[in-house]
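Visitor: Sequence and predicted model, in that order:
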Amino acid sequence: VNICCPVCHLPLNKYEKCYKCENKHSFDVAKEGYLNLNRKNSQSTGDEKEMILARKNFLEKGYYQFLRDKVNEYIKPEDKLVDLACGEGYYTKAFKANDKVGIDLSKNGLKYASKNDKSTIYLLNTIFNNPIEDNYLDTIVTIFAPIAKEEIRRMLKPNGKFILVKPDINHLFELKQVIYDKPYLNEIENITIPGLKIIDEIKICKTCTLNNEDLRNLFTMTPYYHKTSQTDKDKLNDIDKLAVSFAFIIAIYEKE
Ligand SMILES: C[S@@+](CC[C@H](N)C(=O)[O-])C[C@H]1O[C@@H](n2cnc3c(N)ncnc32)[C@H](O)[C@@H]1O
Ligand SMILES: [Zn+2]
């Protein structure tokens, strides 16, 4: 995947420890290997260390491997692929595309990703303004993250695919039952993307029994973590084991 200069949009060329365009705009490669395109004064920082570490420890146990395998079925080796909001690269690393980029704003996520996966170029950058040409990509993936609709349409080739993973109604319901007095099922929002049409949508689900450590990691990596009081969080400490449903919707969009 060719990467453009975020300042002047000319192609960036790779040197030993940096990328440069012909206008001599230069961007550093961090020692772990990701390319830092983020402006110094940027406010947003992506997910913080604690969440990233919890997610890494949880995903390493393989609970979501069935999801990763399923998504990979929609990817071809010859695809030019970008994983938007790739986090620690758990999915990105495994994707069978030979030419792939992972983009995220979390330094801690990308440090881990780029140290552990040399098959992907990782970019520290917002997903809402990507250094990638128009009509260029075969496949874009977004898993549990904000959806950069306009950028997705802009970067995909005609007939290029966008793979979106979102939680199904009963995802993590048993975990919510432990924590909340009145747990709700997830609402499913029908996400439309101008210029793309949905061509396939599948649901996959699996129930796994988690020990206390995995349960707490799982909770810490979800958005519930920030929305829950300490008293409610503490309810997790008393649980040795819990069967939890992992339920996902994989939606495939195609650019018209
Ligand atoms: C729930 S995590 C999902 C990470 C990964 N896709 C996974 O499923 O393991 C959401 C990710 O979105 C990233 N993120 C949120 N807003 C972003 C933005 N504007 N630009 C880039 N990354 C962003 C966060 O840093 C975080 O890594
Ligand atoms: Zn430039």
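Guide: Thanks, I have it. Ligands and ions are numbered 1, 2, ... in the order given.
Visitor: Can you tell me the closest non-neighbouring residue to Ala30?
Guide: Spatial nearest neighbour of Ala30, excluding adjacent residues (C-beta to C-beta, 6 or more residues apart in numbering): Asn36 at 5.8 Å. The way it works is simple: take the backbone N, C-alpha and C, and place the C-beta from them, glycine included.
Visitor: and that neighbour, how far is that from Lys49?
Guide: Distance, Asn36 to Lys49, using C-beta to C-beta, to the nearest Å: 17 Å.
Visitor: got a list of what Lys17 touches?
Guide: The neighbours of Lys17, taking C-beta atoms under 8 Å, 6 or more residues apart in numbering as the test, are 28-29.
Visitor: Would you mind measuring from it to Ile152?
Guide: Distance, Lys17 to Ile152, using C-beta to C-beta: 31 Å.
Visitor: cool, and Phe95?
Guide: Relative to Ile152, Phe95 is positioned 17 Å away (C-beta to C-beta).
Visitor: Then Thr207?
Guide: Distance from Thr207 to Ile152, by C-beta to C-beta: 32 Å.
Visitor: These two: which has the busier surroundings?
Guide: Higher neighbour count among Thr207 and Ile152: Ile152, with 25 against 11, using other C-beta atoms under 10 Å.
Visitor: In contact with that one, which residues?
Guide: 84, 140, 142, 162, 193, 196.
Visitor: run the last query once more with 10 Å
Guide: Shown in contact with Ile152 (C-beta atoms under 10 Å, 6 or more residues apart in numbering): 82, 84, 127, 130, 137, 140, 142, 160, 162, 164, 193-196, 253, 255.
Visitor: Return the member of those nearest to Asp214.
Guide: Thr142 (24.8 Å; C-beta to C-beta).
Visitor: what about Lys24, how many residues close to it?
Guide: 8.
Visitor: where does this protein have low pLDDT?
Guide: For the chain, applying pLDDT under 70 flags the ranges 39-46.
Visitor: Now for the nearest residue to Lys49 once chain neighbours are set aside: which residues touch it?
Guide: Spatial nearest neighbour of Lys49, excluding adjacent residues (C-beta to C-beta, 6+ apart): Asn108 at 4.7 Å. Residues near Asn108 by C-beta under 10 Å, 6+ apart: 45-53, 56, 87-88.
Visitor: Contacts only, for Glu22.
Guide: Contacts for Glu22 (C-beta under 10 Å, 6+ apart) come out as 5, 8, 10-13.
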